[in-house]
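**Q** give me coordinates for this.
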Amino acid sequence: MRAFLILLLSCLNFLPWHAASAQTPASANANVLPITIDAGPVNASINRPFVSVTVCMPGSRTDCRTIDHVMVDTGSSGLRILASALDLPLPQQTLADGSALVECTQFLTHVAWGPVKQADVRLAGEQASAIPIQLIGGAEFPNVPADCAGVAPLVDGVQSLRANGLLGVGVFIQDCGLPCAQTASLGFYYACAPAGCQPALAPLERQVQHPVPFFPADNNGVVIKLPPAAAHGLASATGELVFGIGTQANNTLGAASVLAVNPAGYFTTFYKGVARVKGFIDSGSNGIFFSDTELPVCSTGSYCPAMPQVLGAFNQGSNGAAIATAFHLDNVEALVRLNPGLAVFDGLGYYNASAAEFDWGLPFFFGRSVFTAIEGKSTPGGTGPYYAY
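**A** Residues are numbered from 1 along each chain as shown. This next block holds a predicted model:
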């Protein structure tokens, strides 16, 4: 399954934040959406990049709602909003037989169940009109099929999601693509009628869509720009989600190197002489997730070295480009315990049992401009999909 990559919900708890924060000036450009990293709507998150998203009834300029604390996720595609955070009667996306299209979104550790709706989506000065989005939870389809609910724990509210929604701005246009359009056996999309819900084919155009390709302009990718994070942690930080690559002066590639990805969305990370063939860059993961049995692991699953570690890896794209990339680990569990309320750490890493995966989560973004080019879209760095930094 190429998409639905990762939503990793931190098991660390936080008290109300109080420490100093790092700020970068927000741009007034129409293609810039401010990012805030803070403790989130339930005051219990670390390394979560949030934006505000405006959702409107299709075709309306006034019947709209702005939802704050929607997490930016380069590891998935499509907008998902908690039903409890959106009081708009959006039209239901239906299949050819008139049944309602409902989705079981499968993340690494959780699933999200809810209907696919149509909405106009406004991000900064950009708009995607009448695109399919998902509403998570709600009362419309309360009976979650067993082959969805049995996969993983269900996220259905702000306490479990720790956000009011997810804005997936990954490398793919649809959140599932051809696999869900060609077979109904995967159990991701369902046709729901009064008699119940059954797995169903979901045509590409009816699947939940990445909003950016549907902008009139600045529609070939995104750039996330975040400031460096202090080694000891911060209460909050700000940055920018910039739409388009090479379309305006604020989204030029400059000296960034392009890492093309394979059809599944991966590049290769070489770490300690071992090729990890499922490398990807994911702002929705709050740490760097990889396997290293030589590093100590705390009870929360995070690495907790006795002293800060500076580590290195090579990322190699399917285009042959290779980038030496340094990162560091700290004992974030101890830092949180000693400094309650901090929500931004650049030394957070977690043990991942899969030796094939290397998930470059949010700490990778600090102090960088990270480009995510969308499949099939032309950019100055070539045709997507790719990452660049």
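**Q** residue ranges with poor pLDDT in the protein?
**A** Residues of the chain that meet the criterion pLDDT under 70 lie in 1-28.
**Q** most remote residue from it's center?
**A** Farthest-out residue of the chain from its mean C-alpha position, per C-alpha atoms, centre = their mean: residue 195, at 33.9 Å.
**Q** how near is it to residue 143?
**A** In this view, residue 195 and residue 143 are 11 Å apart by C-beta to C-beta, to the nearest Å. In short, each C-beta sits where N, CA and C put it, glycine included.
**Q** show me where the stretch 101-250 of the chain has its strands.
**A** Assigned by DSSP state E, counting those that start in this stretch, the strands in the stretch 101-250 of the chain fall at 111-123, 126-136, 165-169, 189-193, 196-199, 221-225, 237-243.
**Q** how is this protein carved up into domains?
**A** For the chain, automatic domain parsing gives the domain ranges 32-214, 250-388.
**Q** to residue 223, which of the ones you listed lies closest?
**A** Residue 223 lies closest to domain 250-388 among the domains of the chain, at 5.2 Å (C-beta to C-beta).
**Q** pull up the distance across the closest one, start to finish.
**A** With C-alpha to C-alpha, to the nearest Å applied, domain 250-388 spans 15 Å between its terminal residues.
**Q** so which of the domains of the chain comes closest to residue 221?
**A** domain 250-388 (4.1 Å).
**Q** before we move on, the earlier item: Throw the domains of the chain into JSON lines and include distance to residue 243, thanks.
**A** Formatted as JSON lines, these follow (distance: least, C-beta to C-beta, whole Å):
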{"stretch": "domain 32-214", "distance to residue 243": "6"}
{"stretch": "domain 250-388", "distance to residue 243": "7"}
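**Q** and the ones you listed: which comes nearest residue 224?
**A** When the domains of the chain are ranked by proximity to residue 224 (C-beta to C-beta), domain 250-388 comes first, at 5.0 Å.
**Q** chain center to the closest one: distance?
**A** 13 Å (C-alpha atoms, centre = their mean, to the nearest Å).
**Q** one more: stretch 38-52?
**A** Relative to its parent chain, stretch 38-52 has a centroid offset of 13 Å by C-alpha atoms, centre = their mean.
**Q** buried residues in it, which are they?
**A** Neighbour-count burial for stretch 38-52 flags 38-42, 44-52 (criterion: 16 or more other C-beta atoms under 10 Å).
**Q** in the stretch 201-350 of the chain, which spans are helices?
**A** Along the stretch 201-350 of the chain, the segments classed as helices by DSSP state H, counting those that start in this stretch run 332-338.
**Q** actually, the stretch 51-200 of the chain.
**A** For the stretch 51-200 of the chain, the helices defined by DSSP H, counting those that start in this stretch cover 146-149, 158-161, 178-182.
**Q** how about the first one as CSV, C-alpha atoms only?
**A** Just to be clear, that refers to helix 146-149. Provided in CSV are the C-alpha atoms of helix 146-149 (Å, rounded to 0.1, in the frame of the first residue of the first chain):
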residue,chain,number,x,y,z
ALA,A,146,-14.8,-5.6,11.7
ASP,A,147,-12.2,-5.7,9.0
CYS,A,148,-11.5,-2.0,9.7
ALA,A,149,-11.9,-1.9,13.5
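**Q** ok, residues contacting it?
**A** Residues from elsewhere that reach helix 146-149 (C-beta atoms under 8 Å, 6 or more residues apart in numbering): 104, 111, 113, 187, 190, 199.
**Q** so how far is residue 273 from the residue nearest to residue 312 when sequence neighbours are not counted?
**A** Of all residues not flanking residue 312 in the chain, residue 326 sits nearest, at 4.9 Å (C-beta to C-beta, 6 or more residues apart in numbering). Taking C-beta to C-beta as the measure, residue 326 falls 16 Å from residue 273.
**Q** can you pull the contacts of the closest residue to residue 368 other than its chain neighbours?
**A** Of all residues not flanking residue 368 in the chain, residue 389 sits nearest, at 5.3 Å (C-beta to C-beta, 6+ apart). Contacts for residue 389 (C-beta under 8 Å, 6+ apart) come out as 256, 257, 259, 281, 323, 368, 369, 370, 371.
**Q** quick one: contacts for the last one?
**A** Shown here is residue 371, whose contacts under the criterion C-beta under 8 Å, 6+ apart are 221, 222, 223, 245, 253, 256, 381, 386, 387, 388, 389.
**Q** tell me the secondary structure at it.
**A** Following DSSP: H, G, I helix; E, B strand; the rest coil, we place residue 371 in the strand state.
**Q** ok, what's across the strand from the nearest residue to it once chain neighbours are set aside?
**A** Excluding its sequence neighbours, the residue lying closest to residue 371 (C-beta to C-beta, 6+ apart) is residue 388, at 4.0 Å. Beta bridges link residue 388 to residue 258, residue 371 when assigned by DSSP bridges.
**Q** likewise for residue 366?
**A** Beta bridges link residue 366 to residue 226, judged by DSSP bridges.
**Q** against residue 314, how distant is it?
**A** Using C-beta to C-beta, residue 366 is found at 20 Å from residue 314.
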